[in-house]
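[1] whatever this is, show me its structure:
(6 chains)
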4 protein chains.
Amino acid sequence: MTYRKTEGIKEQLADKRSRILNAARRLVAEGGFQEASVAAVAALAGVATGTVYRYFPSKAELFAEVVSQTSQRELEIVAGIIFSEGTPSDRLAAAIRAFAARALRGRRLAYALVAEPVDPEVDVARLKYRRALGRVFETIIEQGIRANEFPPQNVAVSAAALVGAFMEALVGPLSPESLATDEDKTALIEAIVGFCLRAVACRPKGEVIALSR
Amino acid sequence: MTYRKTEGIKEQLADKRSRILNAARRLVAEGGFQEASVAAVAALAGVATGTVYRYFPSKAELFAEVVSQTSQRELEIVAGIIFSEGTPSDRLAAAIRAFAARALRGRRLAYALVAEPVDPEVDVARLKYRRALGRVFETIIEQGIRANEFPPQNVAVSAAALVGAFMEALVGPLSPESLATDEDKTALIEAIVGFCLRAVACRPKGEVIALSR
Amino acid sequence: MTYRKTEGIKEQLADKRSRILNAARRLVAEGGFQEASVAAVAALAGVATGTVYRYFPSKAELFAEVVSQTSQRELEIVAGIIFSEGTPSDRLAAAIRAFAARALRGRRLAYALVAEPVDPEVDVARLKYRRALGRVFETIIEQGIRANEFPPQNVAVSAAALVGAFMEALVGPLSPESLATDEDKTALIEAIVGFCLRAVACRPKGEVIALSR
Amino acid sequence: MTYRKTEGIKEQLADKRSRILNAARRLVAEGGFQEASVAAVAALAGVATGTVYRYFPSKAELFAEVVSQTSQRELEIVAGIIFSEGTPSDRLAAAIRAFAARALRGRRLAYALVAEPVDPEVDVARLKYRRALGRVFETIIEQGIRANEFPPQNVAVSAAALVGAFMEALVGPLSPESLATDEDKTALIEAIVGFCLRAVACRPKGEVIALSR
DNA sequence: AATGAATGAGAATTCATTCAT
DNA sequence: AATGAATGAATTCTCATTCAT
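    Just a heads-up that it's a prediction; the model follows:
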């Protein structure tokens, strides 16, 4: 028997690490952090509990990485849109559409990433994500204000409220449990986009009238 | 020691039940659901742990009632404003101001009531609250649309987004940890009110022009 | 059914606490700290593992108390002898005899108390004991030197060496596993006493000759 | 990769075996048996954990051999002094000085070899060492008694007590944590030697007078 | 009705040992 | 022969719930 010292071994390792991460993410997506015990993660990943600790020093760090990794992907997509073509309104709408479409696919996970509290170490990762997400929206809003496309407003508050608004509408209890058709989903997303655009882009009537005079 | 079978007993019971509920609410307000163990609730209420189970079948039902009870009070205040005098915009602003002022005073509790995940049974109570809160805002929005004060919009989505927007801006991690002065608080509240009013009341420019023609 | 609010309840509590402490001490006496798991202590005490934590905040504190409690008793006996009648030599001999007689009865425990390393919190308790034991012997040695009954010597070193000497002779591997008869025990103790007395009380020959001239 | 079937392999094996033993000893010397996990030993030896099990059937046997091997070296040094020139007192003093000087250099290791409890299998090795060490001192004491240089005494007890005395004074918690200067060390060693010599060599006053008549 | 001590299942983490490669 | 990833039993500690008094 020969030893294949190829990257096959590394891949296997990476594979198991990924399987653990994926299992953790799936459990969070289904039942939140509360239901994701190390034993459950290990079982779903098809490894022994001890194996989890070969790849992650603690449960907290495992889930911190779940948050980081998942968040990073979302963030990249949303952030990428800032640098695309179009007016601030267009790009804001595009960013929300992108985020919303993904969040609808993994509602429980999106909620966990944004709202569910867990232990402090995991929350650090989430806080980073939310701050980053907030900054992305702050950037768009600032650009809109500078372009005189958006009215003056407290940028930080608007950004936070934006995130809250679309997260609640997407994953909150007022949102239907499951949207059967893609049309339903599109309608929901467009309603959210409309709400958000008005919130940051609209000028109160009085002002509009004043400007239109 | 003998028990006097008078109505004093009923009162005593009612009293004890209330004390347990109040203790539970206070603990949630301080440290969230996580830190509110049955033993801690009992200790704060000045009863034995076993006594809690005479009044509530389980921890989950106790906290479900904490959520219901507390929510009911908030709901009444907000709902009361709907039926007061003024335009939909005025009443919407007033409702948000009232809610925000209270939430800022008890941020941890407000957060727990709206966002902190607990077991499913408690979540049912929270779901009811949020639906009820949503319905209140739906009512105002509908009135505004009928009065042609607000543009047409998906009322349910807007209501949910409203709740999400001001909750996130009030208690989310993007919101400053502590606002030193009352001016700071007022400024935050007014920024939120501005955001929310634009979101539901504003007409996109194009439409405004179209209408004004 | 009436409630007996007598000290019977307190006694029961004290009783259970004692039972846990006794169980812990017995396990340490038999197999050292290593074999005394919380589960084993609970089982031997006839309680559930959780019950141990009603009485002791952690395993470490439980065993720290085992050490303190047991040590205190030994210390009292040895220290008491300091203030009895007799020359320093007599009292030193009496203290060693008392300690030795007790140690022979619970050899494994005596060893654990003096030598076995465990976690730092427990070691603090043991360190206190050993320091206290050391001080007792230092006191006697100092008195003997002042009375010109003992030769000048490094008191701290002598005290430590004394403790080491009789502990090793009593519980070390060179000591027979079990001494069948009381005569055997007495012989061992007297041999130890002789060793210790010579060690602290004797004047080297040269000096003796010098003095006798 | 092919294996050269030369004696190089045997050497390599012996080499690897030694490296594992040395790594184990170093870890024990630094942090005691508790901190020396099989993984840590393997890492320090530069081999895989599984390899340890090719050379030693279990962790216990590995550490038993660490004890044996290390002890053997100490024993040889001390034993060598027995057969050197000089009176029993001189040789006893020289043996203690030699042992003490080495123990002070590796206090943690000396402590582990003599006192730290581990599993029974390792303790068997330690027991052998202590018995052997005891026998060496028994031999000197016997010679001293035969030469009428030492008073009659229970040789086995004295030997054990000797070992206990100097080990405790050297590595026990009553011994200072760290001796800054070489003078401090020398002073400690001489105090110990003095104690031990008095203990085995001195004649109680009454007896001395009797003999000198 | 009230008590609060007792319960015991469940969670995270460690590590000696094994075994497929 | 060597590797080192994987195993899983064992350990400490928590806390909702029960029940004898």
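[2] helix or strand right after the lengthiest helix in chain A?
    Longest among the helix segments of chain A by residue count, using DSSP state H, is helix A:120-146. Note on helix A:120-146: by DSSP states H and E, the next helix or strand toward the C-terminus is helix A:155-171.
[3] let's see that following helix as PDB, backbone CA atoms only.
    Only the C-alpha atoms of helix A:155-171 are listed here, as PDB (Å, rounded to 0.1, in the frame of the first residue of the first chain):
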ATOM      1  CA  VAL A 155     -28.100  58.300   7.900                       C
ATOM      2  CA  ALA A 156     -27.300  55.800  10.600                       C
ATOM      3  CA  VAL A 157     -30.900  55.700  11.800                       C
ATOM      4  CA  SER A 158     -32.200  55.200   8.300                       C
ATOM      5  CA  ALA A 159     -29.800  52.400   7.600                       C
ATOM      6  CA  ALA A 160     -30.800  50.600  10.800                       C
ATOM      7  CA  ALA A 161     -34.400  51.100  10.100                       C
ATOM      8  CA  LEU A 162     -34.000  49.900   6.600                       C
ATOM      9  CA  VAL A 163     -32.400  46.600   7.800                       C
ATOM     10  CA  GLY A 164     -35.100  46.200  10.400                       C
ATOM     11  CA  ALA A 165     -37.900  47.000   7.900                       C
ATOM     12  CA  PHE A 166     -37.000  44.500   5.300                       C
ATOM     13  CA  MET A 167     -35.900  41.800   7.700                       C
ATOM     14  CA  GLU A 168     -39.200  42.000   9.600                       C
ATOM     15  CA  ALA A 169     -41.200  42.000   6.500                       C
ATOM     16  CA  LEU A 170     -39.200  39.100   5.100                       C
ATOM     17  CA  VAL A 171     -38.800  36.800   8.100                       C
END
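[4] roughly how far out does that helix sit from the chain middle?
    12 Å (Cα atoms, centre = their mean, to the nearest Å).
[5] next: stretch A:29-36.
    With Cα atoms, centre = their mean, you get 16 Å for stretch A:29-36.
[6] what residues does it touch?
    Stretch A:29-36 is touched from outside by A:24, A:27-28, A:63, A:106, A:108-109, A:111-112, A:116, A:118, A:122, B:117, B:119, with contacts defined as Cβ atoms under 8 Å, 6 or more residues apart in numbering or on different chains. All C-beta spots, glycine's among them, are computed from the backbone N, C-alpha and C.
[7] can you narrow the residues you listed to ones near chain C?
    By Cβ under 8 Å from any Cβ of the partner chain, no member of the contacts of stretch A:29-36 lies near chain C.
[8] just the buried ones out of the residues you listed, please.
    Neighbour-count burial within the contacts of stretch A:29-36 applies to A:24, A:27-28, A:63, A:106, A:109, A:111-112, A:116, A:118, A:122, B:117; the criterion is 16 or more other Cβ atoms under 10 Å in any protein chain shown.
[9] below-threshold pLDDT in chain A: ranges please.
    Applying pLDDT under 70 to chain A flags the ranges A:1-14, A:115-117, A:172-180, A:205-213.
[10] can you pull out the strands in it?
    For chain A, strands defined by DSSP state E do not occur.
[11] all helices for it, in order.
    A:7-31, A:38-45, A:49-55, A:59-82, A:88-105, A:107-114, A:120-146, A:155-171, A:182-201, A:205-212.
[12] would you point out the most distant pair within the contacts of stretch A:29-36?
    Distance extremes for these: the farthest pair is A:Gly106 and B:Asp119 at 21.7 Å, using Cβ to Cβ.
[13] good, we can wrap up now.
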